[in-house]
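J.: Attaching a predicted model along with its sequence, questions to come.
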Amino acid sequence: MFHIFTGEKKNYGSKVYIENTLGGIQVQYSGNQSKGTFFIYPYLDDNAKTIKYYAFDTYMQKQYFEDMLKISGIGPKTAFQIAQIPSNQLQQAIKELDVKFFQSIPGIGPKSAKKLLLELKGSFSVEDMQGIDIDQKLFKDICKSLKNFGYDTDKVKTVLQSYPEKVTKEKMSEVIKRVIGNM
């Protein structure tokens, strides 16, 4: 199996290949290189009874991909998307316990985002854990309440995400007034 491959990226229809004078392999690739050294991860897809190759520009991206695959419920497509995120953005999201950042990745919902943060952060204080759950619960409660009054849920979410401070139970009435004022 290939783990590192030097060659040139070629597109044939919707498929991406990396070729050199000795041959080529079909890969999933989202990087910017047109040629050079690619780090390859061979993924055994039991359902399709085949090996799928994922290509990365850096060894660190490949390592992130491998780490993501170890998390229960994270498959290769989602792991591949996460591995494409610049490491500084990923580290910042982990540091800030940014559940919404991970929810913005296709295929990741609230529960998966929290699970990812738990796995990636490694260790949490009790306050960190409560912060994740309370923020999400409040977020959902506010959306649900305003939806019952006829407000568009997507618009409510947009206004809530731009709220300049941390949403807490103590500030809930202030937050709702602001959301309604911006609708």
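T.: Now that the structure is in, tell me what you want to look at.
J.: Strands of the protein, residue ranges please.
T.: Ranges of strands within the chain are 4-12, 15-20, 23-28, 35-45, 50-56, based on DSSP state E.
J.: ok and the first one relative to strand 50-56, angle-wise?
T.: Orientation note: strand 4-12 sits at an angle of 100 degrees relative to strand 50-56 (axes from the mean of the first three to the mean of the last three Cα atoms, to 10 degrees).
J.: quick check: angle from strand 4-12 to strand 15-20?
T.: 130 degrees.
J.: chain center to strand 4-12, what's the gap?
T.: 26 Å (Cα atoms, centre = their mean, to the nearest Å).
J.: and if you look at stretch 32-48?
T.: Distance of stretch 32-48 from the chain centroid (Cα atoms, centre = their mean) equals 19 Å.
J.: what's that stretch in contact with?
T.: When contacts are defined by Cβ atoms under 8 Å, 6 or more residues apart in numbering, stretch 32-48 is touched by residues 1-9, 18, 25, 27, 29, 31, 51-59, 61-62, 65-66, 69, 76. (C-beta placed from N, C-alpha, C; glycine too.)
J.: run the last query once more with 10 Å
T.: With contact meaning Cβ atoms under 10 Å, 6 or more residues apart in numbering, stretch 32-48 is reached by 1-10, 18-20, 25, 27-29, 31, 50-63, 65-66, 69, 75-76, 79-80, 83.
J.: same check, this time on stretch 107-115
T.: By Cβ under 10 Å, 6+ apart, stretch 107-115 touches 71-75, 77-79, 81-82, 93, 97-105, 116, 129, 132-133, 136-137, 139-140.
J.: Alright, I will stop here.
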